[in-house]
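**Student:** Requesting a structural model of the entry that follows:
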Amino acid sequence: MSQEYIDSVRKQFEYYKMLGEKTIAQLSDEQLFWKYNDESNSIASIVKHLWGNMLSRWTDFLTTDGEKEWRNRDAEFENDINGRDDLLAKWNEGWSCLFNALDSLNESNWNTIVYIRNQGHSVLESINRQLAHYPYHVGQIVFIGKMALDEKWSSLSIPRGKSQNYNDDKFAQPKARKHFTDEYIKK
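**Tutor:** This next block holds a predicted model:
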C-alpha cells in the first residue's frame, strides 16, 4: 500500500468536495432545484445520486459488494430533497462515508478484492473508479451553477483573463513539491 497514493487521493476528493460546496454556497435554494429541461438533473438530484453511490460503495467497503441491496439508484434521481439543509446533510453524509473508508485502509487490507456488482476490483481500481465518477458529477454541479448564476458566478479557480497573473505569481516562487490541491484545501 502506498500512503502517498492514499494521501493524494484524499486531497483530490477533498478538492472536488470543496468545488461542489463553493458552487452550492453561491446558489439560491431555488437554483439548487433548477433543471435545464425534463431530461436533465438538478444539482439536488446530482447530490442525491452522489450520496446514494457513496453510501453504497463505501459502507463496509472491503467486505460487501459496493452495489448494496438496499440501494435504489433510480430513486436517487427523484427530487424529494427538502431544501438546502437536507441537501447538505446528504452531501456530508456521503463524503464522510468515503473518507472513513479511506481512513480504514492499511497494509493488511490493501490487497483485498472489492466487488462492485459482483465484479472484482483491486482496492486501487475501486478508488480510481470513484475518483473518475465523483468529479464527473461535481463538474455537472459547477456547470449548472455557472448557468444559473450567469454573470454573477464567482470563479472557483483562475478567473478569465487572469491566467498570466496567476502564472507570474507561481513562477515567482521557488520550486516546491506540493499537491495541486494544497492551495485550495485548507486544513
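
**Student:** what are the ranges of the strands in this protein?
**Tutor:** Counting by DSSP state E, the chain has strands at residues 113-116, 119-122.

**Student:** Which residue comes closest to Asn53 once chain neighbours are left out?
**Tutor:** Distance criterion C-beta to C-beta, 6 or more residues apart in numbering; nearest residue to Asn53, sequence neighbours excluded, is His133 at 7.1 Å. (Glycine included, C-beta is placed from N, CA and C.)

**Student:** That neighbour is in contact with Ser56, isn't it?
**Tutor:** No: His133 is not in contact with Ser56 according to C-beta atoms under 8 Å; the separation is 11.8 Å.

**Student:** Of the two, which one has the most company?
**Tutor:** The residue with more neighbours, out of His133 and Ser56, is Ser56; 22 against 15, by other C-beta atoms under 10 Å.

**Student:** how far away is the residue nearest to Asn53 from Ile46?
**Tutor:** 12 Å (C-beta to C-beta, to the nearest Å).

**Student:** Single out the most deeply packed of the strands of the chain.
**Tutor:** Greatest average neighbour count among the strands of the chain goes to strand 113-116 (a mean of 16), per mean count of other C-beta atoms under 10 Å.

**Student:** which other helices and strands contact that one?
**Tutor:** When contacts are defined as 3 or more C-beta pairs under 8 Å, 6 or more residues apart in numbering; DSSP states H and E, strand 113-116 sits against strand 119-122, helix 123-149.

**Student:** before we move on, back to that, how close does the residue nearest to Asn53 get to Val47?
**Tutor:** His133 is 14 Å from Val47, by C-beta to C-beta.

**Student:** likewise Phe77?
**Tutor:** Using C-beta to C-beta, Phe77 is found at 11 Å from Val47.

**Student:** More neighbours: the two, which one.
**Tutor:** Between Phe77 and Val47, counting by other C-beta under 10 Å, Val47 is the more crowded of the two (25 against 13).

**Student:** ok, the more buried one touching Arg84?
**Tutor:** No: using C-beta under 8 Å, Val47 is not in contact with Arg84; the gap is 10.4 Å.

**Student:** Check the contact lists of the two and give me the overlap.
**Tutor:** Residues within reach of Val47 and of Arg84 at once, by C-beta atoms under 8 Å, 6 or more residues apart in numbering, are Ile24.

**Student:** I'd like the distance from the least confident helix or strand in the chain by mean pLDDT to the chain centre, please.
**Tutor:** Counting by mean pLDDT, DSSP states H and E, the chain has its least confident helix or strand at helix 163-171, which shows a mean of 90. Taking C-alpha atoms, centre = their mean, to the nearest Å, one finds helix 163-171 lying 27 Å from the centre of the chain it belongs to.

**Student:** Which residues does it contact?
**Tutor:** Contacts for helix 163-171 (C-beta under 8 Å, 6+ apart): Ile158.

**Student:** Perfect, that will be all.
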